[in-house]
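In: my questions are about this predicted structure, shown below with the sequence.
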Amino acid sequence: MFKDFFCKIVLLFVATSTLAQTQTEIIPPYNIKTISFIQSNENVVPIFKLGDGFQFQFDDLFGNEANYYFEIVHCDYNWIPTDIPKTDYMKGFDGQRIQEYENSVNTLQMYSHYKLPIPNQYMQLRISGNYILKILNESRDVILSRKFIVYEDLVTVPMQIKRARTANYLDYKHNVEFSIKSQAINFQNPLKNIKVCLMQNGQLNTAIQNIVPQYTIGNDLIYKYDTQTQFWAGNEFLYFDNSDIRSAGNNISRVDSSSGIYNTNLYTNNARANYPYSLTPDVNGNFVVRNIGGTKNEIEADYAWVYFSLSAPSFMKNKGIYITGMFNNYSLSPEYKMDFNKEKNTYEKAILIKQGFTNFQYQIADDKGNIDAENAIDGNFWQTENEYILLVYYRENNDRYERVIGKASANSRDAIN
C-alpha cells in the first residue's frame, strides 16, 4: 500500500515538473509555411494591446484542406505555463477547429491558406501576459507553436538609444537607456516585482531580460546602465523582391520554372564585416507577401525555391551560418543552415519562400542555437538602423500572475553619443 502511494506521489511530481517546463516554440513540419501574425493587413511582431484584434495565418503546402485546431496557454515571464484556470485568462473556449481557409488560385505550388482571428466567435483574452499559441492536427498533436504577448497601457517608458558607453565597443554597439513611470500604479517592491524584456527588431531569441532598476526616484524606475542593456548593432538586412515571379527583380540574377515550380536565384552576397557601412534601407527583418499580378495575395502569391549564395572566405567553420528573418521566425533549424560548396568556395542554400518582398540576414550560431553576434558575417556598425522594443512586466505581492503593463519602442536612427 505504501509502495503504491509512493509511486503515485512520484508520478504526480513528474507530471507537475513536466507541466512547469519553459515553453519553447515548436518548429513546424516542412509542409507548413509563411506563418505570421497579421494586424491592419501587415505582418507584425506579435505584441498586441489587450482588446485589440489580430490574426494568425499560415499555409499548408499539401493543399488538402486538412482540419487544424488551436489552443492558447498563458505563461509567466519565463514562458512557464501559469497555474491560473483557463477561465481566468480566456472568455470562451479554445480547442476549436480553424474555420477560415482557402485554397491557392493560379499557382504552380498548391496550398491551403488558414486564418485564425483573435478574438473570434469562440474566445477572447481577458488578461495581459505571455501566451503560447499551439496549432494541432486532426490527431490533436501539436504541429507548431508561436509565442505572442498581450500588454496593457499603464506606464510611460521614455527611451533613448545611444552609442555604446564603453570605448572599445563605441562603433559596434547600441546602448538602451530608459525609465519606467506610472501614475496608475504605485509600485510595490519594484526591484523584485518589476521585470523588463528588451528586444532588437522584435527578436525574442536575443532579448535582454532580468535587468533590475539601477535606482529609483519616488515611483520612477531608472535604467542607465553602461553594459547590461547593450546590443550588438549588426548591419542592415539584405533583401530580394520577386513580386513579379517570372522576371529577375531586385537582387535576383535569374529565374526559371524547370523544377515544376519557380526558382529564384539571387546574386552572391559578400560578407560585409570588412566593408565600410553602407546605408541600405530595410524593414528590420519583415516581409510582404505580394504577387504583382494578383488581387488577393494570400492565395494568389506563389512559392519559389530561392537560391542563396554567400562568399565568406574568412569565416571559421566551427559554427553554422543560417538564413533568418521574420519569414521563418529567425529559425535556426537545419532547413535554413547553409552548406559549403568546396568547388565554388561559397555557402549555399535553397529555401522555399512565398513570393514578395523579403528581408533576410546571415546569422552565425552553434549547434545549441547560441548566436554569435560579435563575429557577425556582415559586421556590427553603430550607424545601423534598428527598432528596439521594451516590455514591462509587473506582479504585485498578492497577484497570481505577471501582467505586461507597458510597451515602448525607440529607433537607433535617433541614436546619440
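Out: That came through, no problem.

In: quick one, helices of this protein?
Out: Using DSSP state H, the helices of the chain run over 2-19, 86-89, 190-193, 297-300.

In: residues making contact with the third one?
Out: Taking contacts as C-beta atoms under 8 Å, 6 or more residues apart in numbering, the residues outside helix 190-193 that touch it are 187, 212-213, 216, 221, 394-397. Backbone N, C-alpha and C define where each C-beta goes, glycine included.

In: go on, stretch 324-343?
Out: Under the contact criterion C-beta under 8 Å, 6+ apart, stretch 324-343 has outside partners 25, 27, 30, 34-36, 43, 45, 146, 202-203, 205, 237, 285-287, 308, 310, 317, 320-323, 346-349, 351, 353-354, 358-363, 365, 369, 371.

In: run through this protein and note the low-pLDDT ranges.
Out: The model of the chain has pLDDT under 70 over residues 1-20.

In: domain assignment for it?
Out: Listed by automatic domain parsing, the domain ranges of the chain are 26-151, 159-233+383-414, 238-365.

In: and the ones you listed as JSON lines, adding mean neighbour count?
Out: Below are those laid out as JSON lines (neighbours: other C-beta atoms under 10 Å):
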{"stretch": "domain 26-151", "mean neighbour count": "17"}
{"stretch": "domain 159-233+383-414", "mean neighbour count": "17"}
{"stretch": "domain 238-365", "mean neighbour count": "17"}
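
In: kindly reformat these as a markdown table containing distance to Asn375.
Out: As requested, these are exported to a markdown table (distance: least, C-beta to C-beta, whole Å):
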| stretch | distance to Asn375 |
| --- | --- |
| domain 26-151 | 25 |
| domain 159-233+383-414 | 10 |
| domain 238-365 | 6 |
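
In: and Ile377, which of those domains is closest to it?
Out: domain 238-365 (4.3 Å; C-beta to C-beta).

In: quick one: end-to-end length of the closest one, please.
Out: 18 Å (C-alpha to C-alpha, to the nearest Å).

In: before we move on, the earlier item: what about the contacts of stretch 324-343, which are in strands?
Out: Using DSSP state E, the members of the contacts of stretch 324-343 that fall in strands are 34-36, 43, 146, 287, 308, 310, 320-323, 346-349, 351, 353-354, 358-363, 365.

In: so Ser309 touches Thr346, yeah?
Out: Yes - if you go by C-beta atoms under 8 Å, Ser309 and Thr346 touch, sitting 5.3 Å apart.

In: who touches both of those two?
Out: Thr268.

In: how far away from the center of its chain is stretch 318-326?
Out: 14 Å (C-alpha atoms, centre = their mean, to the nearest Å).

In: and what of stretch 217-227?
Out: 28 Å.

In: with stretch 89-108 instead?
Out: 21 Å.

In: how far does it stretch from start to finish?
Out: 43 Å.

In: what sits up against it?
Out: 63, 65, 67-72, 74, 82, 86, 110-117, 122-127, 129, 135, 257, 260-262, 294, 296, 298-303, 401.

In: filter the residues you listed down to the ones in strands?
Out: 69-72, 74, 112-117, 123-125, 129, 135, 262, 303.

In: find the residue closest to Thr280 in space, skipping its chain neighbours.
Out: Excluding the flanking residues, the one nearest Thr280 by C-beta to C-beta, 6 or more residues apart in numbering is Glu236, at 4.6 Å.

In: for the one you found, give me phi and psi.
Out: Main-chain dihedrals, Glu236, degrees, to the nearest 10: phi -60, psi 150.

In: residue contacts, it?
Out: Contacts of Glu236 (C-beta under 8 Å, 6+ apart): 278-282, 384-385.

In: return the member of those nearest to Asp171.
Out: Thr384 (10.9 Å).

In: so what's that closest one up against?
Out: Taking C-beta under 8 Å, 6+ apart as the test, what Thr384 contacts is 233-236, 277, 412.

In: distance of the closest residue to Met110 other than its chain neighbours relative to Ala376?
Out: Excluding its sequence neighbours, the residue lying closest to Met110 (C-beta to C-beta, 6+ apart) is Gly63, at 3.8 Å. Plainly put, Gly63 is 38 Å away from Ala376 if you go by C-beta to C-beta, to the nearest Å.

In: before we move on, what about Tyr151?
Out: Noted for Tyr151: a distance of 30 Å to Ala376, by C-beta to C-beta.

In: next one: Gln109
Out: 33 Å.

In: got it, and Gly51?
Out: On the measure of C-beta to C-beta, Gly51 and Ala376 end up 39 Å apart.

In: do the same with Leu279
Out: Taking C-beta to C-beta, one finds Leu279 at 18 Å from Ala376.

In: no further questions, thank you.
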